[in-house]
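generate a structure from the sequence data that follows.
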Amino acid sequence: MTISKDQHVGELVAQDYRMAQIFKDHKIDFCCNGDRSLTAVCEKKNISVDQLVEKLENVSSQKDAENINFDVWPLDLLADYIQKTHHRYVEKQSIVLKAYLDKLCKVHGNQHPELHEIKSLFSDSAGELAAHMKKEELILFPFIKKMNTAKDTQQAMPQASFQTVENPIEMMMHDHDAEGERFRKIAELSDDYTPPADACQTYRVTFSLLEEFENDLHKHIHLENNMLFPKAIALEKESLTAV
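Prediction:
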């Protein structure tokens, strides 16, 4: 795969999710800010765009049977996958992590006061994500699925109270930005999830789970911001043009 320096970060990850790790290694946001070109992000990070392109091309040239090409999935399947994989993960792991963070704060909070802020940030994130996902599951995703069905069956596009699908999508992307910023703060406070020298096993497990949660959230947001949402907007515009 030949990569252009003008290609957007989110577009590249949409084509091959394995590239996400390269961007993560360089602290380049590919989910919430995936609409930037390689040249732009390299200039901001003061890194060589040629070297970055070389790394990305090396990754894309490797065969990987497990690399799923979500880009060819129909919108209804992609929405179901996001809900059943990532929404359920957030619901389950939020409970686990809140319990771990409660314990850490009680045992290690005096020696490591940053734990209290990490706990507060994660608790806020868990609450906001729960409300956010319900809006998607009850309002946005069903409408996207109806649009997809209408296209497949050549029926009229459904009418929505929010006028255009871009309105709820804009709200969801705003939420994504807020959670991205919250987890950047958590990563900063935890020294990129590096346990201190006096950390017990629970401490280490908690930081490992927090990092896993952030990685899953990145993929979750990427699938929506860079794949599901743009295609839903394009489908709606296509239907309006065809009228």
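
quickly find the element holding the residue nearest to Thr164 when sequence neighbours are not counted.
Of all residues not flanking Thr164 in the chain, Glu236 sits nearest, at 6.6 Å (Cβ to Cβ, 6 or more residues apart in numbering). To be clear about C-beta, it is placed using only N, CA and C from the backbone, and glycine gets the same treatment. Taking DSSP states H and E as the definition, Glu236 sits inside helix 229-242.

for that helix, which positions count as buried?
229-233, 235-236 (16 or more other Cβ atoms under 10 Å).

quick one: list the elements packing against that helix.
helix 75-81, helix 141-153, helix 166-189 (3 or more Cβ pairs under 8 Å, 6 or more residues apart in numbering; DSSP states H and E).

out of those, the one nearest Asn110 is which?
With Cβ to Cβ as the criterion, Asn110 lies closest to helix 166-189 of the helices and strands packed on helix 229-242, at 16.2 Å.

distance between the closest one and the chain's centre?
Helix 166-189 has its C-alpha centroid displaced from the chain centroid by 9 Å (Cα atoms, centre = their mean, to the nearest Å).

name the residues of that helix that are buried.
By 16+ other Cβ under 10 Å, the buried positions in helix 166-189 come out as 168-169, 172-173, 175-176, 178-180, 182-183, 186-187, 189.

report all helices and strands that the next helix or strand after it contacts.
Using DSSP H and E, the helix or strand that follows helix 166-189 in sequence is helix 201-223. If contacts are counted by 3+ Cβ pairs under 8 Å, 6+ apart, helix 201-223 sits against helix 9-15, helix 19-25, helix 88-108, helix 166-189.

need the residues that contact the longest one.
The reference is to helix 166-189. 29, 31-33, 114, 117-118, 121-122, 124-125, 128-129, 132, 135-136, 139-140, 143, 162, 193, 210, 214, 217, 221, 224-225, 229, 232-233, 236 (Cβ atoms under 8 Å, 6 or more residues apart in numbering).

any of those residues buried? List them.
For the contacts of helix 166-189, a burial check counting by 16+ other Cβ under 10 Å picks out 29, 31-33, 118, 121-122, 125, 129, 132, 136, 139-140, 143, 193, 210, 214, 217, 221, 224-225, 229, 232-233, 236.

okay, now Arg88: neighbour count?
Neighbour count for Arg88, taken as other Cβ atoms under 10 Å: 12.

that one and Ile95, how far apart?
Separation of Arg88 from Ile95 (Cβ to Cβ, to the nearest Å) stands at 12 Å.

do Gly10 as well
The value you get for Gly10 to Ile95, if Cβ to Cβ is used, is 30 Å.

which of the two has more residues huddled nearby?
Higher neighbour count among Gly10 and Ile95: Gly10, with 23 against 10, using other Cβ under 10 Å.

quick one: contacts for the residue nearest to that one when sequence neighbours are not counted?
Leaving aside its chain neighbours, Gly10 sits nearest to Gly34 (2.2 Å; criterion: Cβ to Cβ, 6+ apart). Residues near Gly34 by Cβ under 8 Å, 6+ apart: 8-11, 13, 222, 225-226.

hmm, 6 Å instead?
With contact taken as Cβ atoms under 6 Å, 6 or more residues apart in numbering, Gly34 is in contact with 9-10, 226.
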